[in-house]
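In: Dropping a prediction and its sequence here:
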Amino acid sequence: MKIAVDIMGGDFAPDSNIDGILGALAEDHDITITAVGDKNKMGALIDYQKENPERLEIVHTETVVTMNDSPSKALKEKPDSSIGVCAELVKEGKASAMVTAGNTGATVAYALMRIGRLAGINRPALVSPFPTEKGVSAVIDVGANARVKPINLLEFATMGSVYAEHILGIENPKIGLLSVGEEDVKGDEVIKEANHLLKNSGINFYGNVQGNDILKGTTDVIVCDGFIGNVVLKFAESIAGVVFSTLKTTVTKSIKRQIGAWMMKPALRDFKRIWSYAEYGGAPLMGLKGGCVICHGSSSPKAIKNGIFIAKKCVDININDKIREEIKHLSNTDIKGR
């Protein structure tokens, strides 16, 4: 299986992306990678390719989409950017999936224009795992769509259910619709109509959930628009850092506290690991004809490596075929708005 990886995207590019690629190649011998970017900055990859040409291909482009570029500017002025070339490789079947830590909006735009949507999907959405009291849930959408229609939220729920079942291993996942109250009458008109659609879709719909339900693990999938989902995700990413910073301040106040902290070190290490986005790699952009994983802009080599692995897993289990089946089921039900 070949994965196209953008080495130019992200705060620590290209070094972090290069190290992540080398880590993935070392751990999984079933993966082959096409590294896309400026070959003049790929020293370690070029050395690897000389000894392992069958496992690593290099595609050169010096054009980079910055975090300040708008999606429209990227499409019009930078068609040969590293992100754009990755999307083109997936479109042409030269790669099964792409991975980038670059500009999210631009990546979504390239993916829509070049890879294309699955039939029956109006809006692809980003899905991310989310630690909870009960284990892990999935939040969808976490940044691809700031504004949505009720039917889009139904599609997100369907794709999130597939992700939760086949990637997270949750049987018959419960779906929750993020709102300002549990009652069906709570929320704006989009949420109210989406609630109605979900109730009549045949999906395992729990009902509305609130913000305080997310960490409790009340449902296995939390459905929301990309604006709210991204705010929730960024808030969650800050939790571990704030907790550790607060602990560091408080435990230094006495010798007893320092001894207690030392004894709790293994548990604290586990806590930090659970809340580290590097463990999860990246967020798959669900609903495309090919694979696409968008990693955090500040991704470490470990995050890039795990992003490559999640892209591979999505392809290995034929996640797009599973989404097609579920969407086909929706189209066969009497749901207003489809």
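Out: On my side now, so go ahead.
In: Next, work out how far apart the spatially closest residue to Leu112 that is not a sequence neighbour and Lys328 are.
Out: Nearest non-adjacent residue to Leu112, counting by Cβ to Cβ, 6 or more residues apart in numbering: Pro124, 6.9 Å away. Using the backbone N, CA and C atoms, a C-beta is placed for each residue, glycine as well. Using Cβ to Cβ, to the nearest Å, one gets 17 Å for the distance from Pro124 to Lys328.
In: And Asp19, by the same measure?
Out: 41 Å.
In: So between those two, which is more surrounded?
Out: Asp19 (18 against 11; other Cβ atoms under 10 Å).
In: what's the distance between stretch 297-316 and the middle of its chain?
Out: 9 Å (Cα atoms, centre = their mean, to the nearest Å).
In: swap in stretch 285-293?
Out: Centroid separation for stretch 285-293 versus its chain: 10 Å, with Cα atoms, centre = their mean.
In: now swap in stretch 79-95 and tell me
Out: 19 Å.
In: If you count neighbours, what's buried in it?
Out: Within stretch 79-95, the residues scored as buried using 16 or more other Cβ atoms under 10 Å are Ser81, Ser82, Ile83, Gly84, Val85, Cys86, Ala87, Glu88, Leu89, Val90, Lys91, Ala95.
In: Map the structural domains onto the sequence of the chain.
Out: Per automatic domain parsing, the structural domains of the chain span 1-121+287-325, 128-277.
In: Deepest-packed of the ones you listed, please.
Out: domain 1-121+287-325 (a mean of 20; mean count of other Cβ atoms under 10 Å).
In: before we move on, the earlier item: hmm, Gly143 and the residue nearest to Leu112 touching each other?
Out: No: using Cβ atoms under 8 Å, Pro124 makes no contact with Gly143, being 11.3 Å away.
In: which strands and helices sit next to whichever strand or helix holds Glu237?
Out: If you go by DSSP states H and E, Glu237 is part of helix 226-251. In terms of contacts (3 or more Cβ pairs under 8 Å, 6 or more residues apart in numbering; DSSP states H and E), helix 226-251 is packed against strand 125-132, strand 135-140, strand 175-178, helix 255-263, helix 265-274.
In: Now with 7 Å, please.
Out: strand 125-132, strand 135-140, helix 255-263, helix 265-274 (3 or more Cβ pairs under 7 Å, 6 or more residues apart in numbering; DSSP states H and E).
In: Could you tell me how far that helix lies from the centre of the chain?
Out: With Cα atoms, centre = their mean, you get 18 Å for helix 226-251.
In: got it, and stretch 194-211?
Out: 22 Å.
In: and it, how far apart are its ends?
Out: The straight-line separation of the ends of stretch 194-211 (Cα to Cα, to the nearest Å) is 17 Å.
In: Also stretch 86-102?
Out: 12 Å.
In: and what of stretch 129-139?
Out: OK, stretch 129-139 end separation, Cα to Cα: 6 Å.
In: Return the mean pLDDT over that stretch, rounded to an integer.
Out: On average, the pLDDT along stretch 129-139 is 94.
In: Provide the contact partners of that stretch at residue level.
Out: 127-128, 160, 163-164, 168, 214-217, 219-222, 229, 232-233, 236, 274-275, 280 (Cβ atoms under 7 Å, 6 or more residues apart in numbering).
In: Over to stretch 161-170?
Out: 127, 129, 136, 138, 171, 173, 175, 203, 220-221, 286, 313, 317, 319, 322-323, 326.
In: can you do 6 Å?
Out: Val127, Val136, Ala138, Pro173, Asp220, Val221, Ile317, Lys322, Ile323, Glu326 (Cβ atoms under 6 Å, 6 or more residues apart in numbering).
In: just the residues you listed now: which is nearest Ala240?
Out: Set against Ala240, the nearest of the contacts of stretch 161-170 by Cβ to Cβ is Val136 (14.8 Å).
In: any idea of the pLDDT on His329?
Out: His329 is given a pLDDT of 79.
In: Also Ile259?
Out: 79.
In: Low-confidence stretches in the stretch 201-338 of the chain?
Out: Low-confidence segments of the stretch 201-338 of the chain (pLDDT under 70): 268, 271-275, 331-338.
In: change it to 90
Out: 234-281, 328-338 (pLDDT under 90).
In: still on that earlier bit, return the subset of the contacts of stretch 161-170 lying in strands.
Out: Judged by DSSP state E, these include Val127, Val136, Ala138, Val221 as members of strands.
In: how close does Val99 get to Gly160?
Out: Note on Val99: its distance to Gly160, by Cβ to Cβ, is 20 Å.
In: where's Val108 relative to Arg147, distance?
Out: 14 Å.
In: do the same with Gly20
Out: Taking Cβ to Cβ, one finds Gly20 at 33 Å from Arg147.
In: Kindly report the same for Pro14.
Out: Relative to Arg147, and taking Cβ to Cβ, Pro14 is found at 34 Å.
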